[in-house]
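Engineer: Dropping the sequence and predicted coords here.
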Amino acid sequence: MTRGVSSRREFLEAASAAALSAAISRKANAAPRARAGEWRNRRDGVAYRQLGRTGFMVSEIVMGGNTISPANYEHVLLALDLGLNYLDTAPAYGRGQSELGYARVIAARKRDMFFLNTKISVWDVNRGKLYQDIFASLSEPEQKKLRHRATEELERRRALDRDYIGPYFKGQEAELHAAALADVMAKRYGRRIDRERNYKQIIFQSFEESLKRLGTDHVDLLMCPHGACTPSELLDHPEIFEAFETLKKQGRVRHLGVSAHNDPAGILEAAVQAKVYSAAMVAYNIVNRGYTERAVERARKAGLGVIAMKVARPVFNGRKDGPPDDPARAALVHDAVPGPLKTPQKAYLWALRNPNLSACVSELITAEMVKDNLPLAAEKKRS
């Protein structure tokens with residue numbers, strides 16, 4: 001390597017380090033070290049924030065589980081060694097492979113080293129299918145009327161606005177339409193559904209299967225619905241709360257949460273209104289902030305912990321087979337966080353300026369990504 005090439009690399013590394021330090025200094029304050037709460041895997045130099053009324057002190061960057069598997073989990077151990085302390089998974093991730101991968105982590109590290117969350121992925125999928133089956137049996141005029149009412153409700157909530165919906169994955173809009181249609185149909189056809197079996201017992205069954213895959217006897221947080229689309233899913237199904245209370249009394253679940261790509265502001269407001277949820281993981285980023293920021297603030301004031309997801313996706317696709325990045329969206333984060341940092345890093349650092357967020361979730365697919373993104377959770381230097 002020539003001296004010129006070496007000098008340029010050193011210059012770029014120094015510039016990147018300076019940009020990172022400057023961006024970290026603009027983050028919201030983390031929890032003081034003396035803050036009362038439940039601390040796990042606390043490491044010097046890592047910033048932690050309280051996850052709402054759970055009292056969990058979670059690292060500012062937490063681990064998403066969509067790509068975890070028994071063949072891809074060792075970088076999770078690296079992240080834990082560096083101070084990360086919250087692991088997210090779901091039965092839908094890899095059709096159970098994520099939970100099986102995390103079982104390897106649980107076997108390799110003490111269970112009380114981290115907070116563990118899983119979800120009830122089948123709940124909303126099952127609800128949608130039940131109503132689709134009923135819908136298919138109806139006359140064409142009735143179908144048309146129901147679709148119209150569902151679309152009107154989505155438009156009223158602005159749930160289909162491009163900057164609000166993302167979109168983040170193929171089929172997202174169809175999922176939203178199906179949920180809205182189910183809400184409309186529930187008022188007239190809801191009696192056709194066995195609620196005890198389809199809204200409550202399905203939670204117990206899914207949860208038992210998750211615990212077996214994970215190889216543990218409890219989780220700290222259980223999210224249901226997984227991928228909520230409408231406020232009704234949180235407010236009109238007391239069977240969720242009944243199932244949660246049963247599991248909580250058994251000592252197998254500590255807190256109830258919800259996750260949502262669609263209508264995150266509406267989901268946060270419903271979670272606050274329900275007064276049962278302790279945390280929510282919702283889409284929050286520099287593109288949808290105008291729709292979500294007030295709801296995030298209200299959630300924090302109500303004691304609901306908020307974890308931001310899809311923070312980088314609107315400005316950085318990162319998938320070879322995905323659509324190209326939108327230059328106008330990318331410019332938002334580059335203007336907000338200047339300097340030679342990677343686009344996803346800038347997106348996370350921008351979000352962590354918000355004092356109403358507890359953390360940002362990142363998939364951290366590889367050890368390289370752990371080394372890129374976990375340092376964003378560094379403590380700010382004290383002056």
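Structural biologist: Received it, and whenever you're ready, just let me know what you need. Numbering: from 1, shown residues only.
Engineer: Which strand or helix spans the residue nearest the centre of the chain?
Structural biologist: Nearest to the geometric centre of the chain sits residue 281, at 3.6 Å (Cα atoms, centre = their mean). Element membership for residue 281, per DSSP states H and E: strand 279-283.
Engineer: worst-scoring helix or strand of this structure, pLDDT-wise?
Structural biologist: None of the helices or strands of the chain scores lower by mean pLDDT, DSSP states H and E than helix 3-25, at a mean of 71.
Engineer: so after it, what's the next helix or strand?
Structural biologist: strand 38-39.
Engineer: That next one pairs with which strands?
Structural biologist: Take DSSP bridges as the rule and strand 38-39 pairs in its sheet with strand 56-59 (parallel).
Engineer: next SSE after the strand it pairs with?
Structural biologist: Downstream of strand 56-59 (by DSSP H and E), the next one is strand 61-63.
Engineer: Enumerate the positions of the helix or strand following that following strand that are buried.
Structural biologist: The C-terminal neighbour of strand 61-63 among helices and strands, as given by DSSP H and E, is helix 74-81. The neighbour-count check on helix 74-81 (16 or more other Cβ atoms under 10 Å) flags 75, 76, 79, 80 as buried. For the C-beta atoms, the positions are set from N, CA and C on the backbone; glycine is no exception.
Engineer: From the contact counts, what lies against the strand holding residue 281?
Structural biologist: strand 219-226, strand 253-260, helix 264-274, helix 289-301, strand 305-309 (3 or more Cβ pairs under 8 Å, 6 or more residues apart in numbering; DSSP states H and E).
Engineer: Next, format those as a markdown table and append mean neighbour count and distance to residue 129.
Structural biologist: As requested, the helices and strands packed on strand 279-283 are arranged in a markdown table below (neighbours: other Cβ atoms under 10 Å; distance: least, Cβ to Cβ, whole Å):
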| stretch | mean neighbour count | distance to residue 129 |
| --- | --- | --- |
| strand 219-226 | 25 | 14 |
| strand 253-260 | 24 | 19 |
| helix 264-274 | 24 | 21 |
| helix 289-301 | 18 | 29 |
| strand 305-309 | 26 | 25 |
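Engineer: what sits against residue 266?
Structural biologist: By Cβ atoms under 8 Å, 6 or more residues apart in numbering, the contact set of residue 266 is 157, 159, 230, 231, 295.
Engineer: Strands - which of those residues land there?
Structural biologist: Of the contacts of residue 266, none are assigned to strands by DSSP state E.
Engineer: which residues of this structure score low on pLDDT?
Structural biologist: For the chain, the stretches with pLDDT under 70 are 1-15, 319-323, 382-383.
Engineer: domains of it?
Structural biologist: According to automatic domain parsing, the chain comprises the domains 3-121+196-377, 127-187.
Engineer: which one of the ones you listed is the most hemmed in?
Structural biologist: domain 3-121+196-377 (a mean of 19; mean count of other Cβ atoms under 10 Å).
Engineer: distance of the closest residue to residue 92 other than its chain neighbours from residue 115?
Structural biologist: Excluding the flanking residues, the one nearest residue 92 by Cβ to Cβ, 6 or more residues apart in numbering is residue 121, at 3.6 Å. In this view, residue 121 and residue 115 are 19 Å apart by Cβ to Cβ, to the nearest Å.
Engineer: thinking again about what came up before, relative to residue 105, which of the helices and strands packed on strand 279-283 is closest?
Structural biologist: Closest to residue 105 of those is strand 219-226 (Cβ to Cβ; 13.4 Å).
Engineer: helices or strands up against the closest one?
Structural biologist: With contacts defined as 3+ Cβ pairs under 8 Å, 6+ apart, strand 219-226 has these neighbours: strand 115-119, helix 122-136, helix 202-214, helix 238-249, strand 253-260, strand 279-283.
Engineer: Which strands or helices does the longest one pack on?
Structural biologist: Contact partners of helix 122-136 among helices and strands, from 3+ Cβ pairs under 8 Å, 6+ apart: helix 172-189, helix 202-214, strand 219-226.
Engineer: For the first one, name the packing helices and strands.
Structural biologist: Packed against helix 172-189 by the contact rule (3+ Cβ pairs under 8 Å, 6+ apart) you find helix 122-136, helix 140-156, helix 162-165, helix 232-235.
Engineer: And the buried residues of helix 74-81, which is closest to residue 203?
Structural biologist: Closest approach to residue 203 among the buried residues of helix 74-81 (Cβ to Cβ): residue 76, at 26.4 Å.
Engineer: That closest one contacts residue 106, correct?
Structural biologist: No: under the criterion of Cβ atoms under 8 Å, residue 76 makes no contact with residue 106, lying 10.2 Å away.
Engineer: and the nearest residue to residue 227 once chain neighbours are set aside, how many neighbours?
Structural biologist: Leaving aside its sequence neighbours, residue 227 sits nearest to residue 124 (Cβ to Cβ, 6+ apart; 5.7 Å). Applying other Cβ atoms under 10 Å, we find 22 residues neighbouring residue 124.
Engineer: and if you look at residue 194?
Structural biologist: Per other Cβ under 10 Å, the neighbour tally for residue 194 reads 11.
Engineer: Would you mind giving both backbone torsions of it?
Structural biologist: phi -80, psi 100 (degrees, to the nearest 10).
Engineer: contacting residues for the residue nearest to the centre of the chain?
Structural biologist: 88, 223, 257, 258, 259, 260, 306, 307, 308, 309, 361.
Engineer: Show me what it bridges to in the sheet.
Structural biologist: residue 259, residue 307.
Engineer: That one and residue 230, how far apart?
Structural biologist: Residue 281 sits 17 Å away from residue 230, taking Cβ to Cβ as the criterion.
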